[in-house]
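Q: Need a 3D model of the sequence below.
(chains A and B)
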Protein chains: 2
Amino acid sequence: MPNAFVAGQGNLSEHEEAMVARRANVLGPAYRLMYETPLHLVRGEGVWLYDQAGRAYLDAYNNVTSLGHCHPRIVAAIREQVGILATNTRYMHDLILDYAEQLVATFPNELSQVMFACTGSEANDLAVRIAKAYTGGTGIIVTENAYHGITETVAAFSPSLGPAVDLGAHVRTIAAPAAYHASDSDVAATFKRNVEAAIADLKRHGIKPAVLIADTLFSSDGVLPEPKGFLAGAVEAIHAAGGLFIADEVQPGFARTGEAMWGFQRHGIVPDLATLGKPMGNGHPVSAVVMRPEVCDEFGRMARYFNTFGGNAVSCAAAMAVLRTIEEERLMANCQSVGAYLAEGIRALAGDCEALGDVRGAGLFIGAEFVTDRASKAPDRVRAGKVVNAMRDRGVLISVTGRFHNSLKIRPPLIFTKDHADHFVAVMKEALAATA
Amino acid sequence: MPNAFVAGQGNLSEHEEAMVARRANVLGPAYRLMYETPLHLVRGEGVWLYDQAGRAYLDAYNNVTSLGHCHPRIVAAIREQVGILATNTRYMHDLILDYAEQLVATFPNELSQVMFACTGSEANDLAVRIAKAYTGGTGIIVTENAYHGITETVAAFSPSLGPAVDLGAHVRTIAAPAAYHASDSDVAATFKRNVEAAIADLKRHGIKPAVLIADTLFSSDGVLPEPKGFLAGAVEAIHAAGGLFIADEVQPGFARTGEAMWGFQRHGIVPDLATLGKPMGNGHPVSAVVMRPEVCDEFGRMARYFNTFGGNAVSCAAAMAVLRTIEEERLMANCQSVGAYLAEGIRALAGDCEALGDVRGAGLFIGAEFVTDRASKAPDRVRAGKVVNAMRDRGVLISVTGRFHNSLKIRPPLIFTKDHADHFVAVMKEALAATA
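A: Sure, this is the predicted structure:
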């Protein structure tokens, strides 16, 4: 994992060293902590996280709590419903219907049905099951550092998990649509050609293509928002091969891009299925698959679907409060204006920093790529990691992304203000100077 | 699905018919409602659920809310933590460590590590990934009507999902250990032989056995608790073949059997991995895999694991409150005594009801099997379904289980009292008379 703590290093207190040892003992070796010196957090409020010593950290990373930590409206909604009822979809309940209808109303008309689960992994797992049943195919195409989740099925098409997690024999990876590194100016045409080549290779191996799945901001490939519309040709290509396009909106969704509620809308396309997760309940475990009804008709009738906790009343109450808060507090507009302001501030820092090769983003999701020099554009993961940790030491939280771990992943809550952005840029300026 | 509502039938109000139509429209065809006339629930408290009209139903079915609906201690724990912090395992937090240590302390010493997810499906998916990595095998053995979850991987070894969901080519099903139907008296020896035959068949097809997985009460195979200890030989057999045994404790766990915290303990065995879910947070989405450290050592170091919501502070607070409440309110002892009392009351009804062929259970998990006659023991699913719906109409909630859907699945909350049991038996007596 990029930006992972290495045990025995870091500047931890005795109590925290003991916590690290307890983690290793009882949680085992599979868990990772972030930062050279991990954080021991005890409280969150709005854009701020607080550690054991009472120190505040500006959270510019956690998009689960996308409306800020402990947002009063979400907290109130959960507190109310948890005392009334939390049962499952085998009984009728008004809240799931009210929420489902309001949620699909934020999508293009074609995407009119929704099914609920608890995690983005479960949503992607279900979406792929549905797509395989509908297409009769099994082939899956993803970008080279994509992350879609951790069920066995989904991990098999999440190359960012690294070489210890095998990709499926039915999976093909293609180069991410990185405009900054494109050898020609036509990112869309190149990306479409890559999808077509993957389709041809699947067929050559006797594998019928089922799915092209993409995070519509390519969050794990380094944050790749531009040029808008570049996904359209790739979607045409998978459709022409009889496959479906799944828009993974777990990270880009719920207004994060500032321009639209859903990342795919920036590309002028309508996916066959869209998967939602992380920020959907502002921290409460809830996820969903939104889809064209025809793709799920046979699967739904024949295979049925029941997720014990998925769509329970508390999850729906939390998710409803999130949706209403985004709308009523006009957070999409805030995301667009503050996001643009923040990106501009970061871009201005590149004037004094040759290593900061590219700053790109949509709304409050910004990638900032470090290179050894601007001519070769060779990745500088060491510098990126140093900047992340220098910012953490100065009280601002971000991490890195991309195949070479050399792009900052900047993803503040939608309630970020220009003052927060100013603070962020000031700290980043210090961190750049300190790591030069 | 057994006991499923058929649209157009049932005795629904105009408003509820509209809800059914809205469900079909926005949730699609994959969702099912329970009962001939489904319930429109609005509130729950303790052992009671309340519908839109204010009618109370004695809940003898939902083991997610295993401590009763809206248990004040769990509600308070969630309400408190949701206002403090709900973030992930890449930061240090005391609560996850405190809970993890207390949870593994309820297991035999060998099972000393735990990993967190959100649903039982995710827990079983992860357990199987770990077991495959550890054994180098892929073969999976399950009972003929087992249910373990709905990720693609887990659905492929959940035969109870029906013929529309393909079993994997690497999956073998074996007869469930049904003492009532056993052709000889040695259930354990027969079950072990069945596992050995499945292992041999896997090997004959070039598939290395990886896993025997069983719900330790065989909840979906009809509730099969006796004779205690019958699992031991089967576990020996899978170990001898180089595979692991996964105890699926999603339904039997957390004191449900009355005799032990975990179902496998009734069998005098120690599994390699145990998976936990449904009642773990009394309705809050949280699940876990508890395991012997050696089985996860390489997987953990190489593949890592991160579940965004898994082990967040709110989930841990809810789960901690559940664990403490079971201990401090001595619910295991209550479960044992009230469970025995309830089973005795139900068994007494068989004196006047030839069709009630067998009543069996452990703690507050009881199966009651309907047969056309006691000599042939042929399944009577029609009668079982009628009894379930007659009880629902009289305000008591249960459902059916088993390959032939002919056993009542009776699974009241652990706070059930003898008065509740008396009420249950009185209503069941009426329902038997009304459906004779």
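
Q: Could you check how many residues crowd around the closest residue to A:Val425 other than its chain neighbours?
A: In space, A:Val425 comes closest to A:Gly345 once its chain neighbours are excluded; the distance is 3.7 Å by C-beta to C-beta, 6 or more residues apart in numbering or on different chains. Yep, even glycine has a C-beta here, placed from its N, CA and C like the rest. A:Gly345: 18 surrounding residues under other C-beta atoms under 10 Å in any protein chain shown.

Q: Read off the pLDDT value for A:Gly345.
A: Note on A:Gly345: pLDDT of 98.

Q: For it, list the residues it contacts.
A: A:Ala421, A:Asp422, A:Phe424, A:Val425 (C-beta atoms under 8 Å, 6 or more residues apart in numbering or on different chains).

Q: didn't the third one look like it was pressed against A:Tyr61?
A: Read it as A:Phe424. No. With contacts counted by C-beta atoms under 8 Å, A:Phe424 stays clear of A:Tyr61, the gap being 11.1 Å.

Q: Need the residues touching each of the two.
A: Common neighbours of A:Phe424 and A:Tyr61 (C-beta under 8 Å, 6+ apart) are A:Ile410, A:Pro412.

Q: And the helices in chain A, which stretches?
A: Assigned by DSSP state H, the helices in chain A fall at A:14-22, A:72-81, A:94-104, A:120-135, A:152-155, A:187-204, A:231-240, A:293-303, A:313-328, A:331-349, A:381-393, A:418-434.

Q: do the fourth one and chain B meet at all?
A: In other words, helix A:120-135. Yes. Counting by C-beta under 8 Å from any C-beta of the partner chain, chain B is contacted by helix A:120-135 at A:Gly120, A:Ser121, A:Glu122, A:Asp125, A:Leu126, A:Val128, A:Arg129.

Q: Same list (the residues you listed) but as JSON lines, adding distance to B:Gly68 and neighbour count.
A: Converted to JSON lines, these look like this (distance: C-beta to C-beta, whole Å; neighbours: other C-beta atoms under 10 Å in any protein chain shown):
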{"residue": "A:Gly120", "distance to B:Gly68": "31", "neighbour count": "29"}
{"residue": "A:Ser121", "distance to B:Gly68": "31", "neighbour count": "32"}
{"residue": "A:Glu122", "distance to B:Gly68": "27", "neighbour count": "33"}
{"residue": "A:Asp125", "distance to B:Gly68": "32", "neighbour count": "31"}
{"residue": "A:Leu126", "distance to B:Gly68": "31", "neighbour count": "32"}
{"residue": "A:Val128", "distance to B:Gly68": "37", "neighbour count": "28"}
{"residue": "A:Arg129", "distance to B:Gly68": "34", "neighbour count": "21"}
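
Q: just to revisit the earlier point, buried ones among the contacts of A:Gly345?
A: The neighbour count (16 or more other C-beta atoms under 10 Å in any protein chain shown) marks A:Ala421, A:Phe424, A:Val425 as buried among these.

Q: Tell me the one of these nearest chain B?
A: Compare each of the buried ones among the contacts of A:Gly345 with chain B using C-beta to the nearest C-beta and the shortest gap goes to A:Phe424, at 19.3 Å.

Q: dump the residue contacts of the closest one.
A: Here A:Phe424 is in contact with A:Leu58, A:Ala60, A:Leu342, A:Gly345, A:Val396, A:Ile410, A:Pro412 (C-beta under 8 Å, 6+ apart).

Q: what about stretch A:43-51, average pLDDT?
A: 98.

Q: same question, stretch A:416-436
A: 98.

Q: Around the closest residue to A:Asn406 other than its chain neighbours, count how many other residues there are.
A: Using C-beta to C-beta, 6+ apart and skipping the chain neighbours, the partner closest in space to A:Asn406 is A:Pro379 (3.9 Å). Using other C-beta under 10 Å, A:Pro379 has 21 other residues around it.

Q: Confirm for me that A:Pro379 is in contact with A:Asp358.
A: No. Here A:Pro379 does not reach A:Asp358: they are 11.3 Å apart, not a contact under C-beta under 8 Å.

Q: and for those two, which residues touch both?
A: In contact with both A:Pro379 and A:Asp358: A:Glu369, A:Val371, using C-beta under 8 Å, 6+ apart.

Q: got a list of what A:Thr37 touches?
A: A:Phe5, A:Gly10, A:Asn11, A:Leu12, A:Asn389, A:Arg392, A:Asp393.
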